[in-house]
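>>> build me a model:
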Amino acid sequence: MNYWEIFVAFFIPGIVGYGGGPASIPLVENEVVGRFGWMSVNEFSEMLAMANALPGPIATKMAGYIGFQQGGILGSVVGVFATVAPSLILMIVLLSILYKFKDSPKVKRMTALIRPTIAVLLGVMAFQFFVTSYDGAGALQTIFLIAASFILLEKVKLHPAFVIVGSLLYGAFFLG
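Have a look, this model is predicted:
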């Protein structure tokens, strides 16, 4: 299999697919079905249905599946890399520009203005999580999970991933 073809099949939709994964679905279909003939329309629609049923970004799931189908594990890696490469390249370019001007008063002012906005957005999100938990699990369970999480994170210094897994297990066994 030509890994270059796999790369091109997913790199081009990654560049011109403005709007994320759903916007790139027809572009990927054009490459995979029309240009390279790796799948029929029916096979593509079945693969798309399966990819939609799984969690995560649709574009990388399609690239991983089709890349694996066409070129094995290396084909899967090439397909996923080609999907994220346009964003990765743009991010590196923009960060290098930002880094070049990091000492600029305008950039410092911009980052100073962004920090409170992010703090407010995180606070709103945390409040929405609290309300959802309160509505779904009740006050006692919500307060217990908040207190336990705080103690484990701040006093015991447990890694947040373990607290999240523990909360999920608690919810599965006691709230599910």
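>>> what sits against the closest residue to V41 other than its chain neighbours?
Distances taken as Cβ to Cβ, 6 or more residues apart in numbering put V33 closest to V41, at 5.8 Å, once the chain neighbours are dropped. C-beta here means a position set from N, CA and C on the backbone, and glycine is covered the same way. By Cβ atoms under 8 Å, 6 or more residues apart in numbering, the contact set of V33 is 39-41, 44.
>>> try it again with 10 Å
V33 makes contact with 39-45, according to Cβ atoms under 10 Å, 6 or more residues apart in numbering.
>>> just give me the neighbour total for A82.
Using other Cβ atoms under 10 Å, the number of residues around A82 comes to 23.
>>> again, but for S45
Burial measure for S45: 13 neighbouring residues, criterion other Cβ under 10 Å.
>>> and the strand or helix carrying P116, what's its mean pLDDT?
Taking DSSP states H and E as the criterion, P116 maps to helix 105-137. Averaging pLDDT along helix 105-137 yields 89.
>>> what helices or strands is the helix or strand following that helix leaning on?
Using DSSP H and E, the next helix or strand after helix 105-137 towards the C-terminus is helix 139-150. If you count contacts as 3 or more Cβ pairs under 10 Å, 6 or more residues apart in numbering; DSSP states H and E, helix 139-150 packs onto helix 105-137, helix 160-170.
>>> possible to save these as CSV with mean neighbour count and distance to V77?
Output for the helices and strands packed on helix 139-150, formatted as CSV (neighbours: other Cβ atoms under 10 Å; distance: least, Cβ to Cβ, whole Å):
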stretch, mean neighbour count, distance to V77
helix 105-137, 11, 33
helix 160-170, 12, 25
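>>> out of these, which is closest to F10?
Nearest to F10, of all those, is helix 160-170, at 30.0 Å by Cβ to Cβ.
>>> so what secondary structure elements neighbour the lengthiest helix in the chain?
Ranked by residue count and defined by DSSP state H, the top helix of the chain is helix 58-100. Applying 3+ Cβ pairs under 10 Å, 6+ apart, one finds that helix 58-100 contacts helix 3-16, helix 21-29, helix 41-53, helix 105-137.
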